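K.L.:
Sequence and predicted structure below; questions after.
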Amino acid sequence: MIWVIVILVLIVFAFIIKKKLYKIPLNNTILITGAPGTGKTTNAVDLALKIWKKQVRTAKKINKRQKYLPELWRSYVEIPLLYSNFPVRIGRLKKKEYLKRYNDLVEKNPNKKVIAFGITPFFKYFDYKMRARSNSDIIVFTRHKFCEKLEIGHLLNQIQLPVHSTTLITEIGKIADQYSWGNMNVQEHLNDFISMYRQYTQGGYFIADDQASDDIVKQIRVRIGTVINLVDYFRIWKFYMVRARRFHITEDVKTQEAAFAEDSTKLVIGIYPLFRKKYDTYAFSNRYKSVPTKENRTFYGYKTNEIMQMPKNKLPNLLTVTDD
């Protein structure tokens, strides 16, 4: 009898947990928002990788079936690619490709020392790797395989994306914020790219994240349609939990989905990789290294007369804005 009660309690508990949990839907255009450190990029990366791997498996199955058809009837499909405006690890390089990329990197950087595990002698590799932390002239090349680099030409219909491709953009508001509608490239090309993305890629997926949907230019925002907002991020070791709210944006109206109306949010639970991270949470941190430092001024009491004021004249951009 006791086991029946235990089983019933577990079933009720599992039902309650399932009702509280939320799974981000696989829509063709998705926007995930949230304050810094709420896991929006983590969820966007997980979703993009999940979709891209599914697309790759489908394409490989189609190509595999072609060998059973007469040669004149065979029609192979292109393997979908993952494009992103920041590096996302998608696997491990094969040995031949690893050597080729290493040689290309050495050729492009004649004035720098390029090291790679398995290519550079063992003891020299670890010696240079330790010194690379404080020496920018040492490049540590790894065997990680990363996604394709998304360029502005892709977003403006100047460079074609392969069919069924997945596009991932972090901080999309930096590309087209609410003040960018006067830009003709946003009005014509970017607007057309996002509204017709599913058509152009024949079933591809567009995933983006930003800190707030209102920061994105309106004509782009309403075409994404569904927004997942994340709040109250909590992490223990490799496990994390965050509360999610789903909104539908149509015209000038932002509507919260009925399923979320009662308690406003549902839980999203995830696990970070145990050994190999999928992306660097500080991927853009090197932009800031070119900003000059200054000797700090220390307070000597509780009082101060200074209130910071924004300069009226535009200051020069001291950030590093290219990878070249």
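P.N.:
In hand now; what should we look at?
K.L.:
tell me the phi and psi of the closest residue to residue 74 other than its chain neighbours?
P.N.:
Leaving aside its sequence neighbours, residue 74 sits nearest to residue 66 (Cβ to Cβ, 6 or more residues apart in numbering; 4.3 Å). Quick note: C-beta positions are derived from backbone N, CA and C, even for glycine. Main-chain torsions, residue 66, degrees, to the nearest 10: phi -70, psi -30.
K.L.:
Number of residues surrounding residue 66?
P.N.:
14 (other Cβ atoms under 10 Å).
K.L.:
How about residue 7?
P.N.:
Residues near residue 7, counting by other Cβ under 10 Å: 10.
K.L.:
Before we move on, what's the pLDDT of it?
P.N.:
What the model reports as pLDDT for residue 7 is 71.
K.L.:
Just the element for it, please.
P.N.:
Residue 7 belongs to helix 2-20 when assigned by DSSP states H and E.
K.L.:
next helix or strand past that helix?
P.N.:
With elements assigned by DSSP H and E, the helix or strand that comes after helix 2-20 is strand 29-34.
K.L.:
Report the distance from that following strand to the chain centre.
P.N.:
11 Å (Cα atoms, centre = their mean, to the nearest Å).
K.L.:
Output that strand as PDB, nothing but the C-alphas.
P.N.:
Taking C-alpha atoms only, strand 29-34 is exported to PDB below (Å, rounded to 0.1, in the frame of the first residue of the first chain):
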ATOM      1  CA  THR A  29      11.800  33.600 -36.100                       C
ATOM      2  CA  ILE A  30      12.500  33.800 -32.400                       C
ATOM      3  CA  LEU A  31      13.600  36.700 -30.100                       C
ATOM      4  CA  ILE A  32      14.900  36.000 -26.600                       C
ATOM      5  CA  THR A  33      15.200  39.000 -24.200                       C
ATOM      6  CA  GLY A  34      16.500  39.600 -20.700                       C
END
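K.L.:
Go through the very next helix or strand once past that strand and flag the buried ones.
P.N.:
Where DSSP H and E defines the elements, the next helix or strand beyond strand 29-34 is helix 40-65. Buried positions in helix 40-65, judged by neighbour count with 16 or more other Cβ atoms under 10 Å: 40-49, 51-52, 55-56, 59.
K.L.:
How about stretch 269-280?
P.N.:
Judged by neighbour count using 16+ other Cβ under 10 Å, the buried positions of stretch 269-280 are 278-279.
K.L.:
How about stretch 237-247?
P.N.:
Under the neighbour-count criterion of 16+ other Cβ under 10 Å, stretch 237-247 has 240, 242-247 buried.
K.L.:
With stretch 158-177 instead?
P.N.:
Buried residues in stretch 158-177, counted by 16+ other Cβ under 10 Å: 161, 163-173, 175-177.
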